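Colleague: no sequence for this one, just the structure:
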C-alpha cells in the first residue's frame, strides 16, 4: 500500500520577526528553531534511513573475512550461519529505507516549503507596510529581483543546509565513530589527510563570496534597466530609438554574463579541485590499508570496510565543502532580503487611534518637509486649515510642492517639522489604514488592472450593492459609456486600460473613488493628461463627486478650480497667495499673472466647453 501523506495545516508561518536583528546567521538559526521538533525528527529519520551506508560495509567486511578464513583454513566451525545473519541484516536495513526515506522526504519537504512560503509572505507583508519613501528610493526592478531571485536562492540555501550539510555531517561523524572504535590507527590516518579538503575550501571561499556578490548586484541592475526599458517602450518607438535601447541592454546583459561566468569558473575550478583531491586521498587510503593487511594487522575484508568508511567520510566532507558556493549565494541573498526586511521606514498601526467616524476637517500647522539627499525644504512653514466639506485647490508651477502637500495629507510622507491634523488629531497618532479607508485619491495617471470594469471599480471592497455601483457610475459620468461597452460592467479591461480612452480610464478611477463614499477626496492633476472633450467629461464627474466632501484639487488648468472655496498658490514650497478665484484676480499678484498668461494664449476648447456649461 503506498504511503499517503496529508498536510495537517496550510497555515503559512510568520517570519517577519526573523529579520529584526539584521544579521544573517540568527535568521537561519531562528528558522530552524521555529521548526525544531520537525528538524530533530528529520535527523532521527535520516540516521535510520541512511543506516545501510554504515551497516553494509561492516557486513561486507564480515563476509569477506569469513571467506578469506575459510579459504586459508583458519576458520573453524559453521560459516553458513554468520553468512546468513549478515545477509539478513543487509536485506532488512535496505528494505526499511523505503518507509523511512519517504517519511524523511515528506517531513523535510514540508518544513522547507513552509519556510519558503513564510519568507515570501513576510517580504510581501513588509513591502505593503513600508512607506512610500522607501518605495521611491528602492527601484522596482531591484525589489522584483530580491523577491524572485533572492528568495529562490534562500530556498536553495535552506535546502542545502537541511538536505546536504546536516546529513553529510551526520554521516561523516558516524563513519568516523565506527573507524575510531574499530581501529584508532586508521582513524589517525583519516584525521591527518582529510583536513586537506578544508584547506582547499578555505583558499576558494573569499573568491566565491566576492563573485556571488558581484553577480547578484549585476542581476539587480539588469532587472532595473529592464523595468525602465519596458516603461519607455512607447517613447522609444515614437522616436525610433529601438537600436539605442537594444545597445544599452546588451551592455547590461554582457555584464551579467561576465559576472555569471566568473561565478561558474570559480565554482568549476573549486569542484574539480575537490574531486581530484578526494580521489587522491581515497587511493592513499587503499594503499595504507593494503600494507596493514599484508602485515597482518587487519583482515582482507577490513580493507573494504576502511576504504568504504574513508570514502564515506571524505565524500561527505567534500559534499559539505561543495555546498560552499550555494551557502555563499544564499547568505548573500539573505543579506539582500535584509535590505527590505530590516528597513525601519514602515507604517505601523500599533498603539494608534482607530477612527470610528471621520468629519473631514484637515489642518496643516507650520509644516516643513525635506526630501532625503535634498539640500532645500520642499515644503516650508506651510499652514492651512480646511473645514469639512470645503473644496481647496492647490495651484502653482511644477515643483512648487503641490503633490508633496497631498502626500502629507494622505500620510504617505511625514512632516520634517510641524503637524498634520485630521479632525483635530495628529495624523501620526491615527491608524493610517482606518483613515485611508475613508478617503479616496484620483491620480493623474489612472491605475487599472486586467479584469472587468466591475472588478476595477469595486477593487478591495468586501461588500457593496448594485445601487452603490450604479450611483458611482452616475456621479463619475461613466454610466453612458460603460453601458455601451460589449459586455457592460463585465467587459474585460486590458492591462493598464489599453482598450479604453484616457477620459474613460479616469472616469472609472473616479467611480472607484466614489463607491467608497469617502469623506475626503483628492484629485491630483486628474485632467492634465486628457484631451478637450475627455477633460470636460471628467470635469463634470469631479463637480458631481465633490458635493459634501472635503476636497483637494491639484491642477494647472484654471477651468478645473474656478469654483473652489479656496485657491492656494504655491511657489518653492510656500504659500504665496490664497483666496477665491475672484479675490486672487483682484489682488493682481502671481495668480493673476498666471491667469493673464492663459488669457493671452488661444482659448483651450476644454475651457470653452466648461465656461459654456456653466452659462445659464
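Modeller: Yep, that arrived. Here the structure is a predicted model, which is why all the values come from computation and not from measurement.
Colleague: nearest residue to the middle of the chain?
Modeller: The chain has residue 147 as the residue nearest its centroid, 3.1 Å off, counting by CA atoms, centre = their mean.
Colleague: ok, which stretches of the chain are strands?
Modeller: Under the criterion DSSP state E, the chain contains strands at 362-369, 379-386, 391-395, 417-422, 425-426, 439-442, 451-452, 492-493, 520-524, 550-554, 566-571, 574-579.
Colleague: closest to residue 460 out of those?
Modeller: strand 439-442 (11.2 Å; CB to CB). The way it works is simple: take the backbone N, C-alpha and C, and place the C-beta from them, glycine included.
Colleague: that closest one pairs with which strands, and in what direction?
Modeller: strand 520-524 (parallel) (DSSP bridges).
Colleague: now the partner strand and strand 417-422, what's the angle there?
Modeller: 120 degrees (axes from the mean of the first three to the mean of the last three CA atoms, to 10 degrees).
Colleague: ok, residues contacting strand 520-524?
Modeller: 358, 360, 362, 403, 406, 409-410, 438-444, 513, 542, 545-546, 549-555 (CB atoms under 8 Å, 6 or more residues apart in numbering).
Colleague: quick check: mean pLDDT of that strand?
Modeller: In this model, strand 520-524 has an average pLDDT of 86.
Colleague: what of stretch 226-239?
Modeller: Averaged across stretch 226-239, the pLDDT comes to 75.
Colleague: please name the nearest non-neighbouring residue to the residue nearest to the centre of the chain.
Modeller: residue 123 (5.8 Å; CB to CB, 6 or more residues apart in numbering).
Colleague: my guess is that neighbour contacts residue 117, does it?
Modeller: No - contact status for residue 123 versus residue 117: not in contact, 11.0 Å apart, counting by CB atoms under 8 Å.
Colleague: more crowded one of those two?
Modeller: residue 123 (21 against 17; other CB atoms under 10 Å).
Colleague: picking that back up, distance of the residue nearest to residue 147 relative to residue 227?
Modeller: According to CB to CB, to the nearest Å, residue 123 stands 18 Å off from residue 227.
Colleague: tell me how far residue 282 lies from residue 315.
Modeller: Relative to residue 315, and taking CB to CB, residue 282 is found at 9 Å.
Colleague: likewise for residue 419?
Modeller: From residue 419 to residue 315 the distance is 66 Å (CB to CB).
Colleague: dump the residue contacts of the closest residue to residue 515 other than its chain neighbours.
Modeller: Once flanking residues are discounted, residue 515 sits nearest to residue 472: 3.8 Å by CB to CB, 6+ apart. For residue 472, the contacting residues are 457, 511, 512, 514, 515, by CB under 8 Å, 6+ apart.
Colleague: sort out for me which of those are in helices.
Modeller: Judged by DSSP state H, the subset of the contacts of residue 472 located in helices is 457, 511, 512, 514.
Colleague: got a list of what the second one touches?
Modeller: Contact analysis of residue 511 by CB under 8 Å, 6+ apart lists 457, 472, 473, 475, 476, 478.
Colleague: what do you get for the first one?
Modeller: Residue 457 makes contact with 469, 472, 473, 489, 508, 511, 512, 515, according to CB under 8 Å, 6+ apart.
Colleague: of these - the most surrounded one?
Modeller: Top of the contacts of residue 457 by neighbour count (other CB under 10 Å): residue 511, with 27 neighbours.
Colleague: many thanks, I have nothing further to ask.
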